[in-house]
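Student: Sequence first, predicted model second:
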Amino acid sequence: MIINGFKSEVQSKMFGLWGQMQIVPYLENQSYESVPIHLNDTLRQKLLAMSGVEDIRGTATKAGILKWQEELEGVVVKGLNENWSKEKLQTYFKAGQFLQLSDTSLHNEAIISDWMANRLNIKIGDRCYLYFMDKSPRLRRMQIVGLFHSGIDEYDKSMVWVDIRHIRKLNAWKANDCGNYEVYGDVKTLTKNQNEWNGMLPQNQIAVPLRDLKPQIFDWLELQNTNEWVILLVMGGVAIINVISTILILILERTQMLGILKAMGASESKLFSLFFKYNFRIALKGLVWGNLLAVLIYVVQSNFHLIKLDEASYFVSFVPMRLQMIDYFALNAILMTAILISSIIPLMIIRSLQTVKLLRWS
């Protein structure tokens, strides 16, 4: 539950900030300076009608320097087009008001992260300067109208949201040009239909899953699968060893009873069945209590977030948990089966014990 919750929470943040897939220039360089592309209304409607698509939002980025009083901070200015709204960024928006993107007039407004506001001691309503280093320095005086918080350190320490029309004017782009388009929807469907998307897009554009654009974070998340298997194998191994030890203790405590039962004609299969059922009761009781404890921890942590994490290192401020019923029941079934199979090992000892020696055991 913890690993599933952690992966789901981090991926949800990533997808919420960058989309599940992006349409980017085919020959895009690796700098923060965007190359203009454009989706006409007809193509955009066709793409929106495809399975798994919820929304397509245009953006553009440009490197800049934020100056407030005597402080300077290198930033990436992200321009948002009219398809963005406060509701679509509600998870990350923390205070103030949103950019007036649908207004016909262009406003000198910017939204920064709460981390940047605390570092530079900027408050909502303050006016700061954004410098853009093209052939010659270019200046924009912006009013801070809101704060956001993503929990992703590299994003909060660098990103500034503005109206995309500022970047269009600075780059001398056309009215509808964007640097890229962020596609939101079902990640599995979008990834599966990637080739179909590329067949519909112009030759200078390509659809790329976010997994390929941000491989370092997603590769790190994939490593959690290894941790998951290691933890499960270690804990399963401990459980199996405990079961074997329990059966051995039961046999040692009841050696005379085994001798008497054998002397009275009890078959080995009957003795096997007796200990097997007893072991099943012990294992079932342990699983019931273990499951109740796990569900209790899940409910408490999901509602009250008592166990905290360092958000700068883990992208989340608390331990997230996600209950997947298929995994839940499958793990219980596998564990119970493994325990019952392992209990056969000490029961084989019964076969090697002679009745006379069992009766003499004290």
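Tutor: Nice, I can see it. Numbers count the residues shown, from 1 in each chain.

Student: which regions of the chain lie under the pLDDT threshold?
Tutor: 28-31, 350-351, 353-362 (pLDDT under 70).

Student: mind giving me the domain split of it?
Tutor: 19-209, 217-360 (automatic domain parsing).

Student: Do a quick rundown of the helices in the stretch 201-350 of the chain.
Tutor: Using DSSP state H, counting those that start in this stretch, the helices found in the stretch 201-350 of the chain span residues 210-213, 215-253, 255-263, 268-304, 311-314, 325-342, 344-352.

Student: now those in CSV, with distance to residue 26?
Tutor: Any C-beta I mention is one placed from the backbone N, CA and C, and that applies to glycine too. Formatted as CSV, those follow (distance: least, C-beta to C-beta, whole Å):
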stretch, distance to residue 26
helix 210-213, 14
helix 215-253, 19
helix 255-263, 77
helix 268-304, 43
helix 311-314, 35
helix 325-342, 40
helix 344-352, 61
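
Student: Residue 158 is nearest to which of those helices?
Tutor: helix 311-314 (14.0 Å; C-beta to C-beta).

Student: now, of the domains of the chain, which is deepest in the fold?
Tutor: Mean neighbour count (mean count of other C-beta atoms under 10 Å) peaks for domain 19-209 among the domains of the chain, with a mean of 17.

Student: Need the contact partners of the helix or strand that contains residue 181.
Tutor: Per DSSP states H and E: residue 181 is located in strand 180-185. Residues from elsewhere that reach strand 180-185, judged by C-beta atoms under 8 Å, 6 or more residues apart in numbering: 15, 18-25, 28, 34, 37, 39, 47, 52-60, 190, 207.

Student: For residue 231, give its distance to residue 294.
Tutor: 14 Å (C-beta to C-beta, to the nearest Å).

Student: and what of residue 227?
Tutor: Counting by C-beta to C-beta, the gap from residue 227 to residue 294 is 18 Å.

Student: Which residue is the nearest non-sequential neighbour of residue 186?
Tutor: Spatial nearest neighbour of residue 186, excluding adjacent residues (C-beta to C-beta, 6 or more residues apart in numbering): residue 52 at 4.0 Å.

Student: Dihedrals phi and psi, residue 54?
Tutor: phi -110, psi -40 (degrees, to the nearest 10).

Student: Quick check: the residue nearest to it when sequence neighbours are not counted vs residue 191, distance?
Tutor: Distances taken as C-beta to C-beta, 6+ apart place residue 185 nearest to residue 54, at 4.4 Å, with adjacent residues excluded. Going from residue 185 to residue 191 by C-beta to C-beta gives 10 Å.

Student: swap in residue 115?
Tutor: 31 Å.

Student: quick one on the thing from earlier: so for residue 185 and residue 191, which residues contact both of them?
Tutor: With C-beta under 8 Å, 6+ apart, residue 185 and residue 191 have common neighbours 20-21.

Student: Now do the SS call for the closest residue to residue 101 other than its chain neighbours.
Tutor: Counting by C-beta to C-beta, 6+ apart, residue 82 is the residue found nearest to residue 101 once chain neighbours are left out, at 4.9 Å. What DSSP: H, G, I helix; E, B strand; the rest coil gives for residue 82 is coil.

Student: Would you confirm that residue 82 contacts residue 102?
Tutor: Yes. Shown here, residue 82 and residue 102 form a contact pair, counting by C-beta atoms under 8 Å, at 5.3 Å.

Student: Make sure residue 27 is actually in contact with residue 206.
Tutor: No. Using C-beta under 8 Å, residue 27 makes no contact with residue 206, being 9.2 Å away.
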